[in-house]
Structure formats: structure tokens, C-alpha cells
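**Student:** the following comprises the amino acid sequence and a computationally predicted model.
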Amino acid sequence: LDDDSEVRYLSAEQSNSSVVIGDRVVLKLIRRVNPGIHPELEMSAYLTAAGFANISPLLAWVSRVDAQRAPHLLMIAQGYLSNQGDAWAWSQNTLERAIRDQMEPIRADGETHTDALAELSAFAGLFGQRLGEMHVLLAAPTDDQAFAPRPSDADDSRRWAAQISAELSHALDLLGQHREHLDSDSQALVDDLLQQREGLAQHVAQLAEQAQGGLLMRVHGDLHLGQVLVVQGDAYLIDFEGEPARPLEERRAKHSPYKDVSGVLRSFDYAAAMILRSASAVDLSDEARQARQRVARQYLHQSRHAFVEAYGLATAGMPHAWQQAEGERAALELFCLEKAAYEITYEAENRPSWLAVPLHGLHGLISTWGE
């Protein structure tokens, strides 16, 4: 880079600050420095070396090594991706356009609008394909023990059953505590879930057993629409650091790839909920409300279907060793339940006004058992 290269501020997160240099390099400064191998560096290096194109490629990094020879990552340089924003913001903008199109299907010049919902569905399909391609790469045999995949066993299934049942039980307790602050429809869902508490624990144990044999491997680990850039309509995955509040070793652990898949599906649910709750909506008429509901419903159905179908096609050759025929479906449902429980806990503790979103998501998962 020459001396005149533009340097501009990009973003600030809990753990990092980023600057863009000359629209060529993103320099990410690690503000929460800890001893150990950092997953952002490790995953970026592995995927870049493997030639995976749909990430911000690793260029360089700076680490400090302490007296015990433990590395402390200080900063990382990655290639800059000229983009249309992250997938969350892009989806919200495109959904708002879809709502306007529903209310005014013909433009003033007599031409029809471009199909915003079709754009969202196409992107969801590309997102599923790119995630699947990344998972296939991460599932490949390797001598690098940090990335070597293995099939899950009975011990993993017992661990999942205990852990996810405990998380769901805690989530149900929180729903009970917040019940009186919810609307009547949501209160009815809480009551229904509380009545099914014992059956839910049994169902989780059954799912965990059915999911045995699925691969455990390195995954993104904190994947949602905000962790993806839209680049000329394609999906590029970013931010492989995991959840900053967790220890590095936990963030480097191997998981089912369906942990990533469930995170995306739940993120679609939040994107649909956001347009229904949009505080920026100018038109509050019944017509506008109905248009929002139609768009949210269509978006959720089409995006989920496109994403799951594309992901399934991209990962058809992954060497899972399912012990039961229902293994894949069980793994997806199991980790969607885990994600919904996490969301309920988060919303109850940080954003109670949003508690109805994961509540409806959890109830929807339970009401469609086996589908």
C-alpha cells in the first residue's frame, strides 16, 4: 500500500475494532487478548490455505508469545471484500422493498417491480450452498488434529441430551417467570410448553440418540445473517472468532455442522420477526400490516426451503456415519431446539420485549415433531 492509501473505520465489536486500508485490507485489532490459539486466525488460515473462496482471505497477523510460549493474537489482516452490507441489513432492506412491492405491484411507469422475495430466496440458496461447501472442506480427512473430524458416539449423545435438556429446562423456567408480561397468545404457548416439560426432555434424549454417528468437526460456531457479507449477491462468511465471552478452547471445540445450520434457520426467523416489529414503518394501516405478514410468511418459508435444499445438495457426500435412518433430521431438530433455548435465555436476560420471537420458534419446533 502506498502512503496515500485511505484508512477508514469499519466497525467496533465487543472483542475487536476494524479499519479498512485502501479498500484492499481489513485490519482487525483484538481488544480482548488471551493466551492460546485464536479461532479467528486458525480458521482463516486453514480455509485460506485450502482455497475456500467465500471468506475474507488471511493476509497476515501479529502475535505476542509470552514466557510460557503461549501465543497472544494482537491483530489480523484480511483481504477487503467490496460488499452490499451484511446479510442481516441487506435482508431487512430487501424485505422492506418486498412489502412496498406487495402494496404497489405496478410502478408509475407501468412496469412491474423486480421480485424482492425471489432475490431473498436466491440468496438463501447461495448461502446454503456456500456453507455446505465450507463444511465439506472442513469434514475432509487431515493430519491436523485441530481440524480432524470424527463421528459422534454414544458419549456425545448422552452429553447432548443432558446439556440441551438442562438448557431447555432453564428456558422454560424463564418463560414461566416472564409469562405475565407477554400477550395472551404467547401466554397460551408458554402454558402449553410447561405442560410438555417432561415429554420434551424425553424427546431431546431420543433425538440425541438418533443423531449418533454424525460428524463432529470445526464449524463457524456463531453463524447468523450478521456474520455473512453480501458480495454481488453471493454469500461470504466472516468472523470465525466464536462467542467472545467463551474461553478460546471452547470456541475451538468440534461440533455438529448442524449447529451452524440451526443458527441460520433461527436467524431467518428473527429477520421475519423484525419486519413485523419494524419501528420505522410509516404506514400503519391494516393493508400495510397484512402486507408485512404475507411477506414475512413467504420469506420464512421460501428462504428456509432454499437454504436447506441447497445445503443438502452441497453436502450430499459428507461422510456422516448415522446409526439410524432419522439421524440427519434428528440432528437438525436437536440443534434447532438448543438454539431456541439459548435465544430464550438471552432475550429474557437482555431484551424481554423480544421474548415472544424465540418462544414462538420453540413452540413451532415442538408442534412439528418428526416433520
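**Tutor:** Right, received. Where do you want to start? Numbering: from 1, shown residues only.
**Student:** surely G85 meets L229?
**Tutor:** Yes - applying CB atoms under 8 Å, one finds G85 in contact with L229, separated by 7.5 Å. No exception for glycine: its C-beta is placed from N, CA and C like everyone else's.
**Student:** strands of the stretch 151-300 of the chain, start to end?
**Tutor:** 215-216, 228-231, 234-237 (DSSP state E, counting those that start in this stretch).
**Student:** wait, which of these is closest to L131?
**Tutor:** strand 234-237 (7.2 Å; CB to CB).
**Student:** distance from the closest one to the middle of the chain?
**Tutor:** 13 Å (CA atoms, centre = their mean, to the nearest Å).
**Student:** can you list contacts of that strand?
**Tutor:** Counting by CB atoms under 8 Å, 6 or more residues apart in numbering, strand 234-237 makes contact with 54-56, 81, 83, 87, 123, 126-127, 130-131, 134, 220, 223, 227-230, all of which sit outside it.
**Student:** now do the same contact list for A154.
**Tutor:** Per CB under 8 Å, 6+ apart, neighbours of A154: Q212.
**Student:** among the strands of the stretch 151-300 of the chain, which is nearest G327?
**Tutor:** strand 215-216 (10.7 Å).
**Student:** now the closest one: average pLDDT?
**Tutor:** Strand 215-216 comes out with an average pLDDT of 98.
**Student:** now the helices for the stretch 101-250 of the chain?
**Tutor:** 116-138, 154-178, 184-195, 197-210, 248-251 (DSSP state H, counting those that start in this stretch).
**Student:** rank those helices by pLDDT, which is bottom?
**Tutor:** Among these, helix 248-251 scores lowest, at a mean of 91.
**Student:** list the buried residues in that helix.
**Tutor:** L248, R251 (16 or more other CB atoms under 10 Å).
**Student:** and it, what does it pack onto?
**Tutor:** Using 3 or more CB pairs under 8 Å, 6 or more residues apart in numbering; DSSP states H and E as the contact test, no helix or strand touches helix 248-251.
**Student:** from now on call the first residue 39
**Tutor:** All right, first residue 39 from here; so that's helix 286-289.
**Student:** ok, residues contacting it?
**Tutor:** N72, G74, I75, H76, P77, G259, E279, G280, E281.
**Student:** which residues are in contact with the closest residue to A243 other than its chain neighbours?
**Tutor:** Leaving out its chain neighbours, the residue that sits closest to A243 by CB to CB, 6 or more residues apart in numbering is A199, at 4.3 Å. By CB under 8 Å, 6+ apart, the contact list for A199 reads V242, A243, A246, E247.
**Student:** show me this structure divided up by domain.
**Tutor:** 45-117, 140-257+292-405 (automatic domain parsing).
**Student:** E134: which of the ones you listed is closest?
**Tutor:** domain 140-257+292-405 (6.9 Å).
**Student:** measure A378 to G402 for me?
**Tutor:** Using CB to CB, to the nearest Å, we find A378 at a distance of 9 Å from G402.
**Student:** ignore what I typed, I meant L238.
**Tutor:** 14 Å.
**Student:** same deal with L158?
**Tutor:** L158 is 20 Å from G402, by CB to CB.
**Student:** so between the two, which is more surrounded?
**Tutor:** L158 (25 against 13; other CB atoms under 10 Å).
**Student:** okay but the more buried one is in contact with Q340, surely?
**Tutor:** Yes - judged on CB under 8 Å, L158 makes contact with Q340 at a distance of 7.1 Å.
**Student:** burial count for E171?
**Tutor:** Counted with other CB under 10 Å, E171 comes out at 17.
**Student:** so it versus G355, what's the distance?
**Tutor:** Taking CB to CB, one finds E171 at 11 Å from G355.
**Student:** now do D277
**Tutor:** For D277, the distance to G355 - CB to CB - is 27 Å.
**Student:** so between these two, which is more surrounded?
**Tutor:** Each of D277 and G355 has its neighbours counted (other CB under 10 Å); D277 has more, 26 against 8.
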